[in-house]
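Undergrad: Test case, fold it:
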Amino acid sequence: MNISWLSVGHIILALIAAPLLPGFINRTKARMAGRRGQPLLQAYVDLFKLFRKGAVYSRTTSWVFRAGPIVNLAVVVSGLLLIPFAGSPAVLAFDGDLILLAYALGLARFFTVLAALDTGSSFEGMGASREVTFAVLVEPATLVGLLALSRLSHSISLSGLLYASGVTGWSIGAPALVAAAFFVLYLAENARIPVDDPATHLELTMIHEVMVLDHSGPDLGFVQYAGALKLWVLGALFVGVVTPDLREGGLWLCEGFALGTMLLLSIAVGLVESSMARLRLLKVPQLLVGAGALSMLAAILVLG
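TA: This next block holds a predicted model:
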């Protein structure tokens, strides 16, 4: 297995720059509301404060509650090793790695849900129930979209199927459909409007945030840092779908296009959150089924 220094550099870049993504989202929302908004580096300040504090644990919780944030962060970091960026292969690239990525994200969700249930709180149990219910719709839509790209690129590795949509693929519209589906799934998986609202504390609207309410100090820091890294991982997946193969244009074109698209994706999330309200809970499954239908249509077009 050949590991390039450029791929390792992308991992380091993600570990350092991921907290900037929520900063760009919040800054976009603030500008749309006519406010100055938080500094772009506010997430770094928050993480620094949390890691300096001590954690508080309820006597009703066990080691599962403490392990949840750590396993979640470790699994998301491992996902970074599987995601190619800017046309360069991932650090760990092999046939079938797309299945491993899906399982890794599922494992992170599993331990987050277990930690929420371990508190014994019906409130956090409600959030865990909603998270798992929506995951039933999100995960198949993601896999079908990846399989459509796999068929289009004749590769079953993420490093082979991303950044590989040529003129033939775009002419039948399959990458556009997968990109639209992945944008919806990006919002859902990262607990953003219209599926969830990371800023709310109302019982009727909370999904992901309610599961992490009892975490504090470094554990909450792990949760927030893992959330920022998940924005990067799924954002890199989206960027890989919409970005054509630019390797002939040189290194700087590939890197600049990928980083620019990642920035535009964060601004697009901020614009979505500024222009619409959160959907009613009963409407969210319809949105996710729509994303799944787009992925399925892309698969049908590719197979046809």
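Undergrad: Can you list the residue ranges for helices in the stretch 51-200 of the chain?
TA: Assigned by DSSP state H, counting those that start in this stretch, the helices in the stretch 51-200 of the chain fall at 63-80, 97-118, 122-153, 158-161, 167-171, 174-189.
Undergrad: of all those, which lies closest to Leu6?
TA: Leu6 lies closest, by CB to CB, to one member of the helices of the stretch 51-200 of the chain: helix 158-161, at 12.5 Å. (Each C-beta comes from the backbone N, C-alpha and C, glycine too.)
Undergrad: coming back round to it: and Gln224, which of the helices of the stretch 51-200 of the chain is closest to it?
TA: Closest to Gln224 of the helices of the stretch 51-200 of the chain, according to CB to CB: helix 63-80, at 9.4 Å.
Undergrad: tilt between the closest one and helix 97-118?
TA: 160 degrees (axes from the mean of the first three to the mean of the last three CA atoms, to 10 degrees).
Undergrad: Okay, buried residues for helix 63-80 please.
TA: For helix 63-80, a neighbour-count test (16 or more other CB atoms under 10 Å) marks 65-80 as buried.
Undergrad: Same question for stretch 22-39.
TA: 22-29, 37-38.
Undergrad: could these go into CSV alongside distance to Leu234 and secondary structure?
TA: Below are the buried residues of stretch 22-39 laid out as CSV (distance: CB to CB, whole Å; DSSP: H, G, I helix; E, B strand; the rest coil):
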residue, distance to Leu234, secondary structure
Pro22, 13, helix
Gly23, 17, helix
Phe24, 15, helix
Ile25, 13, helix
Asn26, 18, helix
Arg27, 20, helix
Thr28, 18, helix
Lys29, 19, helix
Gly37, 24, coil
Gln38, 22, coil
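Undergrad: thinking again about what came up before, which of the helices of the stretch 51-200 of the chain has the lowest average pLDDT?
TA: Mean pLDDT values for the helices of the stretch 51-200 of the chain show the minimum at helix 167-171, a mean of 61.
Undergrad: Ok, which of the helices of the stretch 51-200 of the chain comes nearest Phe51?
TA: Proximity to Phe51 (CB to CB) singles out helix 63-80 among the helices of the stretch 51-200 of the chain, at 12.0 Å.
Undergrad: Using CSV, write out every CA atom in that closest one.
TA: The C-alpha trace of helix 63-80 is given here as CSV (Å, rounded to 0.1, in the frame of the first residue of the first chain):
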residue,chain,number,x,y,z
TRP,A,63,-18.6,3.3,31.3
VAL,A,64,-20.8,3.3,28.2
PHE,A,65,-21.6,7.0,28.8
ARG,A,66,-18.0,7.9,29.1
ALA,A,67,-16.9,5.8,26.1
GLY,A,68,-19.6,7.2,23.7
PRO,A,69,-17.8,10.5,22.9
ILE,A,70,-14.4,8.9,22.6
VAL,A,71,-15.5,6.1,20.3
ASN,A,72,-17.5,8.6,18.2
LEU,A,73,-14.5,10.8,17.7
ALA,A,74,-12.1,7.8,17.0
VAL,A,75,-14.5,6.4,14.4
VAL,A,76,-15.0,9.7,12.6
VAL,A,77,-11.2,10.2,12.5
SER,A,78,-10.9,6.8,11.0
GLY,A,79,-13.4,7.9,8.4
LEU,A,80,-11.0,10.6,7.4
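Undergrad: I would like the residues contacting that helix, please.
TA: 11, 14-15, 57-58, 101, 104-105, 107-108, 111-112, 114-116, 118-119, 212, 214-215, 219-220, 222-223, 225-226, 229-230, 232-233 (CB atoms under 8 Å, 6 or more residues apart in numbering).
Undergrad: With stretch 233-244 instead?
TA: 14, 21, 76, 79-80, 83-85, 87, 105, 149, 158, 162-163, 165-166, 170, 175, 178-179, 182-183, 185-186, 189-190, 257-258, 261-262, 265-266.
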